[in-house]
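Novice: Let me see the structure of the following:
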Amino acid sequence: MNTKPFSELRSKMTPEQREMSKARAILISLHISLIELQESMGIPQENLEKELGIDLANISNLENLDDIQISTLFRYIEALGGSLKIVANFPEKEVVLAKS
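Specialist: Residues are numbered from 1 along each chain as shown. Predicted coordinates for the structure are as follows:
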């Protein structure tokens, strides 16, 4: 099996493909973070099922989404007992876009 360094593969990507790859990596990181957050807080999925009003299969689907809606993310974080704040960072300042 021939393998190539990722840097070589990336150099062959178009700028659009590189941006898509970067976005997918961020979403995968979010997915892992949601699961790790839920587990680290010791909150069983059954509690999320009750708080979110959806069944376990749908919670699993939600955690595996490539594109999660902000409103769903707010509800998920609140079901864990937290709050979510979305901040846009600019060179001169930060702007809070939304918070629960």
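Novice: CA atoms for contacts and neighbours, from now on please.
Specialist: OK.
Novice: lowest-pLDDT helix or strand in this structure?
Specialist: helix 56-63 (a mean of 71; mean pLDDT, DSSP states H and E).
Novice: That one: what's the following helix or strand?
Specialist: Sequence-wise, the next helix or strand downstream of helix 56-63 (DSSP states H and E) is helix 70-79.
Novice: which parts of that next one are buried?
Specialist: For helix 70-79, burial by neighbour count (16 or more other Cα atoms under 10 Å) applies to 73-79.
Novice: OK, contacts around residue 85?
Specialist: By Cα atoms under 8 Å, 6 or more residues apart in numbering, the residues touching residue 85 are 96-100.
Novice: Give me the buried subset of the residues you listed.
Specialist: Among those, not one is classed as buried by 16+ other Cα under 10 Å.
Novice: low-scoring stretches of this structure, by residue?
Specialist: Regions of the chain meeting the criterion pLDDT under 70 cover residues 1, 27-32, 61-67, 100.
Novice: all strands for it, in order.
Specialist: 85-89, 94-99 (DSSP state E).
Novice: and for the last one, what are the contacting residues?
Specialist: When contacts are defined by Cα under 8 Å, 6+ apart, strand 94-99 is touched by residues 83-89.
Novice: how long is stretch 49-57 end to end?
Specialist: The straight-line separation of the ends of stretch 49-57 (Cα to Cα, to the nearest Å) is 9 Å.
Novice: Same check on stretch 90-97?
Specialist: 12 Å.
Novice: chain center to that stretch, what's the gap?
Specialist: 21 Å (Cα atoms, centre = their mean, to the nearest Å).
Novice: what's around residue 34, how many residues?
Specialist: The local packing of residue 34 (other Cα atoms under 10 Å) involves 19 other residues.
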